[in-house]
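# Sequence plus predicted model, see below.
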Protein chains: 2
Amino acid sequence: MARKVGRRGGNIVTIHDVARHVGVSPMTVSRVINGEKNVREETRAKVMASVEALNYSPNLAARSLATQDSARIGLLYSNPSVAFLSEFLLGILSESSQSGAQLLIESCEGPEGATAALEKMKAAGCDGVILSPPLSDSTRVAKILQDMKMPFVGVAMARPDPNVSCVTIDDFKAAGAMTRRLIELGHRDIGFIKGHPNAYASQIRYDGFAAAMEKAGLKIDPGHVAQGYFTYRSGFDAAERMLSQKVRPTAIFASNDDMAAGAVASAHRLGLEVPEKLTVVGFDDTAMASSVWPELTTVRQPISDMAGLSVRLLLDQIKGHRSGRPFEAVREVRDFSLIERQSSADIGSASS
Amino acid sequence: MARKVGRRGGNIVTIHDVARHVGVSPMTVSRVINGEKNVREETRAKVMASVEALNYSPNLAARSLATQDSARIGLLYSNPSVAFLSEFLLGILSESSQSGAQLLIESCEGPEGATAALEKMKAAGCDGVILSPPLSDSTRVAKILQDMKMPFVGVAMARPDPNVSCVTIDDFKAAGAMTRRLIELGHRDIGFIKGHPNAYASQIRYDGFAAAMEKAGLKIDPGHVAQGYFTYRSGFDAAERMLSQKVRPTAIFASNDDMAAGAVASAHRLGLEVPEKLTVVGFDDTAMASSVWPELTTVRQPISDMAGLSVRLLLDQIKGHRSGRPFEAVREVRDFSLIERQSSADIGSASS
DNA sequence: AGCCTGTTTGTTAGCGCTACCAATCTGGCA
DNA sequence: TGCCAGATTGGTAGCGCTAACAAACAGGCT
């Protein structure tokens, strides 16, 4: 029977076309594109050349069908800063579409609402779950997932848990580095706006700040430390209080960009120019940081990369889970970096 | 030969399991889950029941392999407001993962950078492209795609083009509705911050505003119309100028939320309480609108829905393209809505 | 009843890829 | 030279699903 000319109108290049073009079997081509060893270097090169020439790219549907490792992964998030979510999604998305994983997205209200969302994911046949902060730090959520025997990976986890795989930066070091930078700029009285109390990262970032201050022999004015909730409004309010006191800090370090933006707004309202009269710095380097004015000096967390990596870790873990390989938690620590923009300045130009 | 117990450890429910459970052929089950007609109601019900009972959910990889309509679609965006992008992505993502489409994301700097990005997509084997604003309005980008014979769909297109499929809201009506609402609140002198000149939507929104003003018999003070660029900073600057004049508007209508947020910041800096002394409203209802304080009154565009719909339209178009069906542009217009939050108030409480 | 049309169901084959095993080829060593 | 371990390649089957066709069944007509 004459082979159907493909039910699609097009002329899609398959692995067979490449094989024929090179003069080897499809299997060999498969090995090459999957980077397996035991292929002669010469053959590999020829195949590669043909892949290039024919502009072949593997059909992911067919691959995941064949390998049976197509996975459905769930992404659970709860009211993170939207800018954070956006970056996060980009990373998750691009990685999961590359690896042919199906994605299921659910949001919930804090750790309490997680149970229902996770049940739903389980029912939908999810093979694993990715947790965005602050869920990733919730022992409660972790417990639920462990009871379900559902593989999961936490992103931006601050609470080190030897039984949980995660991708993070070193929040302690990062906060310390930013603090040292502020000190270097001449600031002595530095205010701090803490993050949401249910996020462990909040605590760690404060600790990093406090440690750096102490090491520099500087005292932290208790009136210059405020509780925030990672929201713009909470940063605004915290700064409002802090800046209405008799003695004002010359710099404010907010635990995320949204709060820093709120603090800038508050400073403007009180007639304090940023950075001339007040330095304000944030954390995360989300889009918020570069969309307000002045643009924020902040700690960059490679959120998108971290999210992508978390997908890979999760898929790996799911594979292991299926094959019965004993679970082994992985902790990947990414590098942070300091991004200096216009919201910070040398104390020289400020007056307390 | 004993059938392998599935190469995966698990016990995944397949269409065969359902078929066996009901006592029909897999094909019938397939028909039911795809909502085809010509299945007896009774049979359909039984199948549905089993699908529920076994918690079956189809393997998308297998489906797209079989139907051959697995498509690779590209998403091209260029510096939109990040909040917009985030919502946009959510819609695209959830729809494309549901329909098993592969996604390729590229960004570019304005319409000029689009050529390279599109070439790259073409090389990567994309079957179609989704354009986010303001690219969707670029005749230049449209031309390139048409020359490539690449199907594409524009989202939030303001320029009506009978040859291009798109999903939009009626920007003219939306801007008019918000304007009327402001007038209803007693505002007579309303300032307007225009969007980026390269986005056609900017023009349309202004036209809608102007038309509503004229219809109400109100004059637009030319000094109260400013050019913006959809960025926070541009909104801030525009408001700064507008509010430093002798006669100030009692309300400012910004063409997007980022600029509205900038305007609020500027008002605060000048000591004008929002909304007591000045009403500020935005457009889009992105996350920015509810993350600043006071939260913004704005025009809601169902971005996520629109994005999802655009994926469906594109897949449809790709299918048609493959089967040689002549191209027919589709224009889907979604409903907008007015969201009243804390940044707008009755003129009663304001004084000009 | 016998024929025909339209509806409902089943059968077969194959989408593009890779796991698994069999076949072939290399080179080293006795 | 002959034999064997290891490296390299190929063949076969099947992942879960659905297009296309074939078969079985209903009901309306002469």
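Yep, it's here. Residues are numbered from 1 along each chain as shown, chains lettered A, B, ... in the order given.

# Kindly report the residues of the stretch 51-200 of chain A close to DNA strand C.
Contact residues, the stretch 51-200 of chain A versus DNA strand C (C-beta under 7 Å from any atom of the strand): A:Y56, A:P58, A:N59, A:A62, A:R63, A:L65, A:A66, A:T67. Where C-beta positions appear, they are placed from N, C-alpha and C, glycine not excepted.

# Most neighbours out of those, which is it?
A:N59 (23 neighbours; other C-beta atoms under 10 Å in any protein chain shown).

# That residue and B:A61 touch, don't they?
No: the criterion here is C-beta atoms under 8 Å, and A:N59 misses it with B:A61 at 9.5 Å.

# need the strands for the stretch 1-150 of chain A, in chain order.
Shown for the stretch 1-150 of chain A, the strands assigned by DSSP state E, counting those that start in this stretch span residues A:72-77, A:102-107, A:128-131.

# Comparing those strands by mean pLDDT, which bottoms out?
Mean pLDDT is lowest for strand A:102-107 among those, at a mean of 84.

# thinking again about what came up before, chain B next: which of the residues of the stretch 51-200 of chain A next to DNA strand C are close?
A:N59, A:A62, A:L65 (C-beta under 8 Å from any C-beta of the partner chain).

# Now do the first one against B:S64, distance only.
As judged by C-beta to C-beta, to the nearest Å, A:N59 and B:S64 stand 9 Å apart.

# Now the common contact residues for those two.
Residues touching both A:N59 and B:S64 by C-beta atoms under 8 Å, 6 or more residues apart in numbering or on different chains: B:S70.

# Would you quantify the distance from the nearest residue to A:M242 once chain neighbours are set aside to chain B?
Nearest residue to A:M242 in three dimensions, chain neighbours excluded: A:G191, at 5.1 Å (C-beta to C-beta, 6 or more residues apart in numbering or on different chains). A:G191 sits 19 Å away from chain B, going by C-beta to the nearest C-beta, to the nearest Å.

# same question, A:L93
Separation of A:L93 from chain B (C-beta to the nearest C-beta): 5 Å.

# Hmm, A:G228 and A:G235 touching each other?
Yes: between A:G235 and A:G228 there is a contact under C-beta under 8 Å: 5.6 Å.

# Compare those two and say which is more crowded by neighbours.
Using other C-beta under 10 Å, the more surrounded residue of A:G235 and A:G228 is A:G235, with 32 against 28.

# what residues are up against the more buried one?
A:I193, A:G228, A:A254, A:D258, A:M259, A:A260, A:A261, A:G262, A:A263, A:S266.

# Would you verify that it is located in a helix?
Yes: under DSSP: H, G, I helix; E, B strand; the rest coil, A:G235 sits within a helix.

# ranking the strands of the stretch 1-150 of chain A by burial, who's on top?
Highest mean neighbour count among the strands of the stretch 1-150 of chain A (mean count of other C-beta atoms under 10 Å in any protein chain shown): strand A:128-131, with a mean of 26.

# excluding its backbone neighbours, what's nearest A:S97?
Nearest to A:S97 is B:L103, by C-beta to C-beta, 6+ apart, at 4.6 Å.

# Roughly how far does the one you found sit from DNA strand C?
18 Å (C-beta to the nearest atom of the strand, to the nearest Å).

# Please list all residues in contact with that residue.
Contacts of B:L103 (C-beta under 8 Å, 6+ apart): A:L93, A:S94, A:S97, B:R72, B:I73, B:G74, B:L75, B:I92, B:L93, B:S96.

# Run a quick neighbour tally on A:S94.
A:S94, neighbours per other C-beta under 10 Å, totals 17.

# before we move on, the earlier item: B:A158: which of the residues of the stretch 51-200 of chain A next to DNA strand C is nearest?
Closest to B:A158 out of those is A:N59 (37.3 Å), distances taken as C-beta to C-beta.

# A:S165 bridge partners, please.
A:V153 (DSSP bridges).

# tally of neighbours for it?
A total of 21 residues lie near A:S165 under the criterion other C-beta under 10 Å.

# Which positions in chain A make contact with DNA strand D?
Going by C-beta under 7 Å from any atom of the strand, the residues of chain A near DNA strand D are A:7, A:23-25, A:27-28, A:31, A:37-40, A:42-43, A:62, A:65-66, A:68.

# The same query, at a cut-off of 6 Å, please.
Remark: the part of chain A in contact with DNA strand D comprises A:R7, A:V24, A:S25, A:M27, A:T28, A:N38, A:V39, A:R40, A:T43, A:L65, A:A66, A:Q68, using C-beta under 6 Å from any atom of the strand.

# got JSON lines for those residues, with pLDDT and distance to B:G110 too?
JSON lines is the format used below for the residues of chain A next to DNA strand D (pLDDT from 0 to 100; distance: C-beta to C-beta, whole Å):
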{"residue": "A:R7", "pLDDT": "35", "distance to B:G110": "39"}
{"residue": "A:V24", "pLDDT": "93", "distance to B:G110": "45"}
{"residue": "A:S25", "pLDDT": "93", "distance to B:G110": "47"}
{"residue": "A:M27", "pLDDT": "93", "distance to B:G110": "46"}
{"residue": "A:T28", "pLDDT": "94", "distance to B:G110": "45"}
{"residue": "A:N38", "pLDDT": "88", "distance to B:G110": "48"}
{"residue": "A:V39", "pLDDT": "91", "distance to B:G110": "44"}
{"residue": "A:R40", "pLDDT": "92", "distance to B:G110": "48"}
{"residue": "A:T43", "pLDDT": "92", "distance to B:G110": "45"}
{"residue": "A:L65", "pLDDT": "89", "distance to B:G110": "40"}
{"residue": "A:A66", "pLDDT": "90", "distance to B:G110": "42"}
{"residue": "A:Q68", "pLDDT": "80", "distance to B:G110": "44"}
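
# Buried ones among those?
With neighbours counted using 16 or more other C-beta atoms under 10 Å in any protein chain shown, the residues of chain A next to DNA strand D contain these buried positions: A:V24, A:T28, A:V39, A:T43, A:L65, A:Q68.

# could you measure the last one against A:Q102, distance?
By that I understand A:Q68. Where A:Q102 is concerned, A:Q68 sits at a distance of 14 Å (C-beta to C-beta).

# same question, A:A239
Taken as C-beta to C-beta, the span from A:A239 to A:Q102 is 43 Å.

# In terms of residue numbering, what are the domains of chain A?
A:15-58, A:71-170+A:303-335, A:171-301+A:339-349 (automatic domain parsing).

# ranking those domains by mean pLDDT, which is last?
domain A:71-170+A:303-335 (a mean of 87).

# now that domain, how far from the centre of its chain.
Computed by C-alpha atoms, centre = their mean, to the nearest Å, the chain-centroid distance of domain A:71-170+A:303-335 equals 11 Å.

# The contacts of A:G235: which two are farthest apart?
A:D258 and A:S266 (12.9 Å).

# Give me the neighbour count for the residue of the stretch 151-300 of chain A found nearest DNA strand C.
Using C-beta to the nearest atom of the strand, the closest approach of the stretch 151-300 of chain A to DNA strand C is made by A:P151 at 19.4 Å. For A:P151, the count of nearby residues is 25 (other C-beta under 10 Å).

# how close does A:K120 sit to DNA strand C?
According to C-beta to the nearest atom of the strand, A:K120 stands 30 Å off from DNA strand C.

# Repeat that for A:A83.
37 Å.

# thinking again about what came up before, so the residue nearest to A:M242 sits right up against A:I252, yeah?
Yes: with contact defined as C-beta under 8 Å, A:G191 counts as touching A:I252 (4.3 Å).

# So for those two, which sits in the more crowded spot?
The residue with more neighbours, out of A:G191 and A:I252, is A:I252; 32 against 28, by other C-beta under 10 Å.

# Having no further points to raise, I will conclude here.
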